[in-house]
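Dropping a prediction and its sequence here:
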Amino acid sequence: MSELAPAADRPVAVTEPELLLRRNRVYHLLWIGTTASETGLNVSTIAFPLLALATTGSPGVAGAVSAVNAVAQVAVGLPAGALVDRWDRKKIMVVCVLVRAVMLGLLALAAATGHVTTWLLLLTAAVAGAATSLFDPAERASLPLVVTREQLPTALSVNTARMHLGQLVGTSGGGFLFGLGRAVPFLADAVAHLVAFVTLLFVRLPKQERKPSPISTIPRDIVAGFAFLVRQPFMRSTTLLLLGLNLLFQALYLVVIVAAEQNGASPGKVGTMAAMFGVGGLIGALAAPRISRSITPYQAVVGIIWLLAVLVPLMSVTSGALVWGGFLAATAFLAPTAYTVVGTQQILLTPDGMRGRLSSATNLFNGGAQAGGAALGGLLSQWLSGTQAMLGCAVGLAMLGLAGAAAGSLRLPSSDQVRTSVNPERTDRPDG
């Protein structure tokens, strides 16, 4: 059968009884390894420009380090999904975290001995970015192989909570560790990746039959992945709507931060706002499994967009950093439910041999939306007052809500489309 056939077009497999997610040992090993990797990644992300400034004194080098990391992620991210669908996913994850641990360990050693050079900073940033682009789709494509269909929404939301937790701990800890010593945050990141390496070694994934294909066909595989996304009406509509939501979310976040600073908020209050935003997302991710069981993708996406379109004008008529932080927390609380509901359905409709490319494509789109949202937020803040900029975001959300309401393909797929198991290829029990 064609690789492009939806998962629902394959025969329904007989699966073992569902295990409680908290007893799913393989999932927990995968989660621990990914959490360690993400937390370490966030620690070094904030420490990279600090080290570049401290050792070279050049803001240009600090910017170049961040730029090289981003360029490496984009450059490798395009073929990454095709490679993940060809190669052994566990090996990809293990090699990626090991390579990152080695490079960060070398950088920590150089920082401790005073031998940091520009080329070492740039090389480490490039390797780290490339490894991240390969690791992420491999991990996401592996998830449906270690959990049952019933566990999938909870697993996705817990992974979202992991992301928020990693950002909160990593970004706050990175600056603190750098204050203890230039080498400390990179050593901590290296240790975190060694923990991930050891943990992932014990993750058992079912054997996947892959037809050997020459490297020359990778461009065709990439095109096939995007074609699959475009041809599926539900996938196409939800992807576009969530991209729009992500873009406006990022714009609103920056608009509120700039408005708070212009109104005289202290750096401490601005930091508290950012923390409230992160905590709201974390709590929302933990609540998403319960909420997602009772709503459809249409209700999740369109309903949340309209709720945000109402909250943002209310925010615009208030003042005070902490009040705005409360509104940011409320908006962040709503988003994980939409991502959980839509992500579950997208995985159910995607065959295993296409999941790496789906993850890679959405990563690229989301990265573009975040960059575009930051640029949009900056322009709105430059051209308009804080109140006007917030109302501009609200108008964008309302237009996006109207587009979602008109999208008939956003309706919940029929039961025969998603009835098949998420992981018919799995041959071993998820608890090992």
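Cool, the structure landed.

buried ones in stretch 284-301?
Neighbour-count burial for stretch 284-301, counted by 16 or more other CB atoms under 10 Å, picks out 284-289, 291-292, 295-298, 300-301. C-betas here are computed from N, CA, C, even on glycine.

Could you work out the most separated pair of those residues?
Using CB to CB, the two most remote members of the buried residues of stretch 284-301 are Leu286 and Tyr298, lying 23.5 Å apart.

Sketch out the helices for the stretch 151-300 of the chain, chain order is fine.
Using DSSP state H, counting those that start in this stretch, the helices of the stretch 151-300 of the chain run over 152-180, 184-201, 218-231, 233-262, 267-292, 297-316.

right, so of these, which gets closest to Leu379?
Between Leu379 and those, the tightest spacing by CB to CB is seen for helix 233-262, at 8.8 Å.

chain center to that closest one, what's the gap?
14 Å (CA atoms, centre = their mean, to the nearest Å).

Between helix 218-231 and that helix, find me the angle.
Orientation of helix 233-262 against helix 218-231 (axes from the mean of the first three to the mean of the last three CA atoms, to 10 degrees) gives an angle of 90 degrees.

Give the other helices and strands that helix 233-262 contacts.
helix 218-231, helix 267-292, helix 297-316, helix 321-348, helix 355-383, helix 386-405 (3 or more CB pairs under 8 Å, 6 or more residues apart in numbering; DSSP states H and E).

Could you pull out the buried residues of the last one?
So that's helix 386-405. Applying a neighbour-count criterion of 16+ other CB under 10 Å, one finds 386-387, 389-394, 396-398, 400-401, 403-404 buried in helix 386-405.

Which among the helices of the stretch 151-300 of the chain is found nearest to Leu53?
Among the helices of the stretch 151-300 of the chain, helix 152-180 comes nearest to Leu53, with 10.6 Å by CB to CB.

Give me the buried positions along the closest one.
Buried residues in helix 152-180, counted by 16+ other CB under 10 Å: 152-174, 177-178.

For stretch 62-82, C-alpha coordinates in CSV please.
Taking Å, rounded to 0.1, in the frame of the first residue of the first chain, the C-alpha atoms of stretch 62-82 are listed here in CSV:
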residue,chain,number,x,y,z
ALA,A,62,27.1,36.9,20.0
GLY,A,63,24.5,37.5,17.3
ALA,A,64,26.4,35.3,14.9
VAL,A,65,26.4,32.4,17.4
SER,A,66,22.6,32.6,17.7
ALA,A,67,22.2,33.1,14.0
VAL,A,68,24.3,30.0,13.1
ASN,A,69,22.3,27.9,15.5
ALA,A,70,19.0,29.0,13.9
VAL,A,71,20.4,28.6,10.4
ALA,A,72,21.6,25.1,11.2
GLN,A,73,18.2,24.2,12.6
VAL,A,74,16.5,25.4,9.4
ALA,A,75,19.0,23.8,7.0
VAL,A,76,18.9,20.4,8.7
GLY,A,77,15.2,20.7,9.5
LEU,A,78,14.1,20.4,5.9
PRO,A,79,15.6,16.9,5.2
ALA,A,80,15.4,15.8,8.9
GLY,A,81,11.9,14.4,8.6
ALA,A,82,12.8,12.4,5.5
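
Assess the claim that Ser66 and Phe48 are in contact.
Yes: counting by CB atoms under 8 Å, Phe48 is a contact partner of Ser66 at 6.8 Å.

more neighbours, those two?
Taking other CB atoms under 10 Å, Ser66 and Phe48 do not tie; Phe48 has more neighbours (23 against 15).

Please name the residues that touch the residue nearest to the more buried one when sequence neighbours are not counted.
Using CB to CB, 6 or more residues apart in numbering and skipping the chain neighbours, the partner closest in space to Phe48 is Val65 (5.2 Å). Residues near Val65 by CB atoms under 8 Å, 6 or more residues apart in numbering: 48-49, 52, 121-122, 125.

Which of these has the largest number of neighbours?
Within those, most neighbours by other CB under 10 Å means Ala125, with 26 neighbours.

Just give the closest residue to that one, not the sequence neighbours.
Of all residues not flanking Ala125 in the chain, Asn69 sits nearest, at 4.2 Å (CB to CB, 6+ apart).

Number of residues surrounding the one you found?
The burial count for Asn69: 21, using other CB under 10 Å.

and after the host helix or strand of Trp31, which helix or strand comes next?
Trp31 is part of helix 25-56 when elements are defined by DSSP states H and E. The helix or strand immediately downstream of helix 25-56 is helix 59-86, counting by DSSP H and E.

So for that next one, what gets flagged as buried?
Applying 16+ other CB under 10 Å to helix 59-86 flags 61-62, 64-65, 68-69, 72-73, 76-86 as buried.

Need the mean per-residue confidence for the following helix or strand past it.
The helix or strand immediately downstream of helix 59-86 is helix 89-113, counting by DSSP H and E. Averaged across helix 89-113, the pLDDT comes to 94.

between helix 89-113 and helix 355-383, how big is the angle?
Going by the same axes, to 10 degrees, helix 89-113 makes 50 degrees with helix 355-383.

Report all helices and strands that helix 89-113 contacts.
Secondary-structure packing of helix 89-113 (3+ CB pairs under 8 Å, 6+ apart): helix 25-56, helix 118-146, helix 184-201.

try it again with 10 Å
helix 25-56, helix 59-86, helix 118-146, helix 184-201, helix 355-383 (3 or more CB pairs under 10 Å, 6 or more residues apart in numbering; DSSP states H and E).

Of all those, which one comes closest to Ile92?
helix 118-146 (4.2 Å).

And that closest one, what's buried?
120-122, 124-146.

Could you do stretch 230-238 as well?
Going by 16+ other CB under 10 Å, stretch 230-238 has these buried residues: 232, 234-235, 237-238.

how about those in a markdown table, adding distance to Ala265?
Output for these, formatted as a markdown table (distance: CB to CB, whole Å):
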| residue | distance to Ala265 |
| --- | --- |
| Gln232 | 45 |
| Phe234 | 42 |
| Met235 | 41 |
| Ser237 | 39 |
| Thr238 | 36 |
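
returning to what we had before: for the residue nearest to Ala125, what are its contacts?
The contact partners of Asn69, by CB atoms under 10 Å, 6 or more residues apart in numbering, come to 44-45, 48, 122, 124-130, 132.
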